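In: only geometry, no sequence info:
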Ligand SMILES: Nc1ncnc2c1ncn2[C@@H]1O[C@H](COP(=O)(O)OP(=O)(O)O)[C@@H](O)[C@H]1O
Ligand SMILES: [Mg+2]
């Protein structure tokens, strides 16, 4: 087990710079998720930790040692690839044993470790098959098994679930969470899916365009997003934004009266609730309703034309859908600077 | 619907006819070569014996007893095998590096390698002969033939291997790196087992090109390292007098490669289409 420290890390491909001085502390045993839109540099950062990409500038430490010039296999990390990247010409057993054989480990020890990993991942019955004869989910387990047997200090996952179907994704997500609980090893996990990030992480790192936007526990990011980007990225459906002029006359004076150029009010769909006209923060007509069974998503249009979504159990009985009033608890109302996007 | 059915019935008849016609047109010269090789030199030029003649093995016996066929054949085998081997020994690591660790120059290097094939061989004939004969003293040696055959085929070998290696997901090689494999281990334990078909068809094609090469093997050898191409060349008479003999020599020269090609058809087709057919 080990901590990981990233200091002022920069990555350039030729003349284009894609990581712009990333700083990050990852505690021993922590489950950290890198999340962000496609192309923001999640994989690049992970691959620099793995040793598959050179570090253009800055340092990465694993367990207190600077590893910039250390070969991947000597860093004490193991990686699970998005495409699994199993060796197609080897049996499942050999796929897992290959790295250990490279390390000249004792045969009996290799066998013990491979079988133990097989037990944990329920792939004991397939040990003699080749990857071709396995389903996607089984291949994913083998890929995880290959990482486990090496007993690494740090696990690295690059979008490990994105090639699985929805049901399997949820199941495997749980298994990865269980694995972390069982092994207690530091894990770094890359995904573009904020649900995966929220459910798995001890700590989420939101990246955008090669920069860290915010680091924090899932709840922190949800409740106190540092800026509009994080606010919109974490949570589904996205947070709604209102200009002061979009708000109802009954809205608190500091919101309603805020400078049109400076303030952006953010309220999550699940925090909007229908209320009496006297306490309304925003008034809107119903445009469309999506019924998802457990809840409905009401697509609303505010008086000034701003579109937003309200999430509720059902539409109130007999509501006048041409003019509905919504409010939210004061601690659920976020205020951002319009120009910089920063939280006020 | 009816038209489609009709069309497919028509094409079911037409395509095989077309295929067979083309196959026969291509095969005919080889057939005629073998056919003529069983005629005496005298019969071979007589119109009345164009089709009907008394078959004889005389040419083949003559070839092995008086023209040292086996020495030429062994030289062909030695030079082709070693040239292919060396081309692979250089080509595999080279293609590996370009496929998995490309730099900005990789594309240009590939083009440059191909461009060496555009130089007319005749342009360097004199320097080559002069250098090898008077300067290096390696004229008419196996070493020279092997080096020349290897270099001639290296661009195509690297191109083919590069194309095959490109199809192997980079992540598999990276997984190897994570598992602590050395560079040589990546090639030996991961790359070659995965691209085995591609390596085999490249080797086969290179071997065939080496075997059939005539321009340099004829000009850079006299006796010691002379290959079957040289034997054919030696039996060519300007007056066209020894057609029977020439046919026998030619048939015996292409024979091994035709047999080899026959047994490796699948590999060859794969190789020639550069992995386009999967
Ligand atoms: N080999 C490369 N050469 C040049 N640019 C690259 C290379 N690999 C990645 N990039 C660029 O780096 C950025 C980050 O990529 P990546 O880390 O793969 O993003 P993510 O995993 O978050 O989707 C992207 O803009 C991508 O175009
Ligand atoms: Mg990625």
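Out: Happy to help now that I have it. This is a predicted model, so every value here is computed, not measured. Ligands and ions are numbered 1, 2, ... in the order given.

In: And the pLDDT at the closest residue to ligand 1 within chain B?
Out: Closest residue of chain B to ligand 1, CB to the nearest ligand atom: residue B:102 (9.2 Å). C-beta here means a position set from N, CA and C on the backbone, and glycine is covered the same way. Looking at residue B:102, its pLDDT stands at 91.

In: For residue B:210, list the residues it contacts.
Out: By CB atoms under 8 Å, 6 or more residues apart in numbering or on different chains, the residues touching residue B:210 are B:79-80, B:83-84, B:149, B:153.

In: Which member of the residues you listed is positioned nearest chain A?
Out: residue B:84 (23.7 Å; CB to the nearest CB).

In: Would you confirm that the closest one belongs to a strand?
Out: No - assessed with DSSP: H, G, I helix; E, B strand; the rest coil, residue B:84 is helix; it does not lie in a strand.

In: Surely it touches residue B:203?
Out: Yes - at 5.6 Å, residue B:84 counts as touching residue B:203 under the criterion of CB atoms under 8 Å.

In: So those two - more neighbours on which side?
Out: residue B:84 (26 against 22; other CB atoms under 10 Å in any protein chain shown).

In: you'd agree the residue of chain B closest to ligand 1 is in a strand?
Out: No - counting by three-state DSSP, residue B:102 is not found in a strand; it is coil.

In: Name the residues of the stretch 51-200 of chain A found near chain B, please.
Out: Taking CB under 8 Å from any CB of the partner chain as the contact definition, the stretch 51-200 of chain A meets chain B at A:51-52, A:71-74, A:77-79, A:81-83, A:85-89, A:98-99, A:102-103, A:146, A:150.

In: go with 10 Å
Out: A:51-52, A:71-75, A:77-90, A:95-104, A:143, A:146-147, A:150, A:152, A:156, A:158 (CB under 10 Å from any CB of the partner chain).

In: Looking at the residues you listed, which are in helices?
Out: Applying DSSP state H to those, the entries found in helices are A:95-102, A:143, A:146-147.

In: Could you turn the buried ones of those into a ChimeraX selection?
Out: In ChimeraX syntax, the buried subset of those is picked out as below (16 or more other CB atoms under 10 Å in any protein chain shown):
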select /A:95,96,97,98,99,100,102,143,146,147
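
In: So, low pLDDT: which residues of the stretch 201-344 of chain A?
Out: When residues are selected by pLDDT under 70, none of them lie in the stretch 201-344 of chain A.

In: Next up, the contacts around the residue nearest the centre of chain A.
Out: Residue closest to the average C-alpha location in chain A (CA atoms, centre = their mean): residue A:197, at 2.9 Å. For residue A:197, the contacting residues are A:32-36, A:189-191, A:203-206, A:218, A:221, A:233-234, by CB atoms under 10 Å, 6 or more residues apart in numbering or on different chains.

In: so which helix or strand takes in it?
Out: Remark: residue A:197 resides in helix A:194-200, with elements defined by DSSP states H and E.

In: same question, residue B:78
Out: Applying DSSP H and E, one finds residue B:78 within helix B:69-100.

In: so the strand or helix carrying residue B:250 versus helix B:69-100, what angle?
Out: Taking DSSP H and E as the criterion, residue B:250 maps to helix B:243-263. Here helix B:243-263 points in a direction 40 degrees away from that of helix B:69-100 (axes from the mean of the first three to the mean of the last three CA atoms, to 10 degrees).

In: Residue A:58 is in contact with residue A:68, correct?
Out: Yes - judged on CB atoms under 10 Å, residue A:68 makes contact with residue A:58 at a distance of 8.5 Å.

In: any residues in contact with both of these two?
Out: A:9, A:48.
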